[in-house]
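A.B. asks: Structure of the sequence below:
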Amino acid sequence: MPRYRWTILAVGTGAQTAFSAVLLGLPVLAPELRDHFGLSLRQVALLLAAQIAGSTATTVPWGLLADRLGERRVIAVGLGTSSLALVLAAAAGSFGVLLAALAVAGALGAAVQSASGRAVMGWFDPAERGLALGVRQTAIPAGGFLAAVVLPPVVSAGGLAAAFLAFAGAAALGALASALWLRDPPAESGPPPAGRSALRDRRIWRLAVGSSFLLFAQTGLIGFLVLYLHDERGLSPGLAAASFAGVNVVGGALRIGLGAWSDRLARRIAPLRRVGVALAGALALAVLATGARNALLLPPLLVAATLSISWNGLSYAATAELAGRGRSGGALGLQQSILGAVAVLGPLAFAAAVSAASWRAGFALLALAPLGGWLLLAPLAAAEERASREPSPALAAGPEPELPL
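C.D. replies: Below is the predicted model of the structure:
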């Protein structure tokens, strides 16, 4: 494939980073948001879920539009208009206005969720695709890392408004870069190939639902990590934010490593299930150590948080490959919508468990979720193993096997 594929990867990753910085920057701002607006834990959870709620409603339409119009126009328009909504968030004087602005920003910026992955898939061959999509998926923890590093001094200097203006500027830059440098792959010509809609492919539904169990653990850990470390474990805001940044750096590196590993294995689902088991084990250790001193609790808790953000590239690559290039926008949109619904409800469910019982109970609930994903993905892993023994690529698109729902 041409060298320009690396430019496509860089632009797609940068655009996703800009969008992800808002999603993962909000937990960093959680203490400031709570104090500024006088919020309860459940109201903080609503703010964390607002952007995801907006994006959940629009990722499928954006993905289908990318299949029809291409990635460049979709990402440029979506991120560009999202930046305007973030300017409104910077001016918000009440909880309700901020909630609405974040939801609109999510709905518009969701264009990047499906379209940037579709662009990367089209430019990389299957032998490099796990690595490439793993790199692209590092945009999410990269956004979290940059938010954790940049936001504390920005808030200290200019308050919450400055933080949201920084988000808006990053989104505008991502839109401009996409408009200038994204292109269609040279091998692609004509309309997308005909075939069954990705929205009717039961494999994609199973993969998305199975992945959502791992995402539930991710939303509870990542969404409340800074707040828990600061309020319950006595870490300073700076140290809690630094821990959050470290989790995102290591988690991002793991996304790349797992993607490269999956290329060598010619499998995506099997590594995904192994990560789920490891995540459940780390969370179980954290549950046992919840009442202990920080030296015993923090290692398994931070390992669990890191593992919780390491797997997304595997699920993303598997979805794109199951659908094929011509249907990947819609398939990735469907996946992101299902995951987005869990990302909205997950923080609310976790906050409710903590409020009704304890942090230990909340972590125990998170520990059970990856095991559900491991079980649900078993038929796909078996089909992947059978396909890997055939001459064709392990996850090449083709007629959908009859899998039980």
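A.B. asks: from here on, contacts and neighbour counts on C-alpha atoms
C.D. replies: Fine.
A.B. asks: Let me see the mean pLDDT of the lengthiest helix in the chain.
C.D. replies: Longest helix in the chain by number of residues (criterion: DSSP state H): helix 139-181. On average, the pLDDT along helix 139-181 is 91.
A.B. asks: likewise stretch 302-320?
C.D. replies: Throughout stretch 302-320, pLDDT has a mean value of 93.
A.B. asks: Same question for stretch 279-294.
C.D. replies: Stretch 279-294 comes out with an average pLDDT of 95.
A.B. asks: which parts of that stretch are buried?
C.D. replies: Leu279, Ala280, Gly281, Ala282, Leu283, Ala284, Leu285, Ala286, Val287, Ala289, Thr290 (16 or more other Cα atoms under 10 Å).
A.B. asks: after the helix or strand that Val277 is a member of, next one along is what?
C.D. replies: If you go by DSSP states H and E, Val277 is part of helix 269-288. Using DSSP H and E, the helix or strand that follows helix 269-288 in sequence is helix 294-308.
A.B. asks: Residues contacting that next one, please?
C.D. replies: Identification of contacts with helix 294-308 by Cα atoms under 8 Å, 6 or more residues apart in numbering yields 214-215, 217-218, 221-222, 233, 243, 247-248, 250-251, 275, 278-280, 282-283, 285-286, 289-290.
A.B. asks: That one: how far from the chain's middle?
C.D. replies: 20 Å (Cα atoms, centre = their mean, to the nearest Å).
A.B. asks: For that helix, buried residues please.
C.D. replies: For helix 294-308, by 16+ other Cα under 10 Å, it's Leu297, Leu298, Pro300, Leu301, Leu302, Val303, Ala304, Ala305, Thr306, Leu307, Ser308.
A.B. asks: For the helix or strand that it is followed by, what is the distance to the chain centroid?
C.D. replies: Later in the chain than helix 294-308, the nearest helix or strand by DSSP H and E is helix 312-323. Centre-to-centre, helix 312-323 and its host chain are 13 Å apart (Cα atoms, centre = their mean).
A.B. asks: Report all helices and strands that helix 312-323 contacts.
C.D. replies: helix 111-123, helix 126-137, helix 202-231, helix 237-265, helix 269-288, helix 328-356 (3 or more Cα pairs under 8 Å, 6 or more residues apart in numbering; DSSP states H and E).
A.B. asks: Ala382: which of those is closest?
C.D. replies: Across those, Ala382 has its closest neighbour in helix 269-288 (8.7 Å, Cα to Cα).
A.B. asks: Just the residues contacting that closest one, thanks.
C.D. replies: Residues contacting helix 269-288 (Cα under 8 Å, 6+ apart): 214, 258, 262, 297-298, 300-301, 303-304, 307-308, 311, 314-315, 318, 360-361, 363-364, 366-371, 373-374, 377, 380-381, 384.
A.B. asks: need the helices for the stretch 1-150 of the chain, in chain order.
C.D. replies: All helices of the stretch 1-150 of the chain, identified by DSSP state H, counting those that start in this stretch, fall at 4-37, 41-69, 71-90, 95-109, 111-123, 126-137, 139-181.
A.B. asks: And these: which comes nearest Gly333?
C.D. replies: Short answer: helix 41-69, nearest of the helices of the stretch 1-150 of the chain by Cα to Cα, at 4.0 Å.
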